[in-house]
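> task: produce atomic coordinates for the following.
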Amino acid sequence: KKELSGPDSPSLVESDGKVYALCDQKKTRGLVTCLVAKTGEVLWEEQLPRSSRTYYASPVLVGNKLYCPREDGVIFCAVLGDDGFESVTENAVEESVIASPTVVGNRLLIRGEATLFCFESAK
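The predicted structure follows:
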């Protein structure tokens, strides 16, 4: 088991018996920890690019893609594998994001400071 100090704002995400925690605390900001839900065993930890800006929004998991919006409007998409991130991309919406994203069908909705962004999957 791993004792997590726990994020202050982002909620945990659970899927297929795994829990994903995104840390928003200064020393470990952007650290994603994957644990076995039943035992607390750490399967892996990966670090998103560091910044002085934090994560207020909760991440959202769509299939094997973990979307993590940061306060400064940078949204990371981490493709998850068995041993950690297979890849990470980042996109900026150029305004503050503190609300958690939501998924509707094949659309990812992200509320920025002044704009509601809608990203649609080609699938």
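> return the set of buried residues in stretch 59-70.
Of the residues in stretch 59-70, 59-61, 65-70 count as buried by neighbour count, 16 or more other CB atoms under 10 Å. Just so you know, the C-beta spots here come from the backbone N, C-alpha and C atoms, and that holds for glycine as well.
> which single one of these is nearest to Ala78?
Nearest to Ala78 out of those is Leu66 (CB to CB; 4.6 Å).
> and that closest one, bridged to which residues?
Taking DSSP bridges as the rule, Leu66 bridges to Leu61, Ala78.
> distance check, the nearest residue to Ser51 once chain neighbours are set aside against Gly63.
Leaving out its chain neighbours, the residue that sits closest to Ser51 by CB to CB, 6 or more residues apart in numbering is Arg70, at 6.5 Å. According to CB to CB, to the nearest Å, Arg70 stands 21 Å off from Gly63.
> repeat for Val104
Relative to Gly63, and taking CB to CB, Val104 is found at 15 Å.
> beta-bridge partners for Val42, please?
Counting by DSSP bridges, Val42 forms beta bridges with Leu35.
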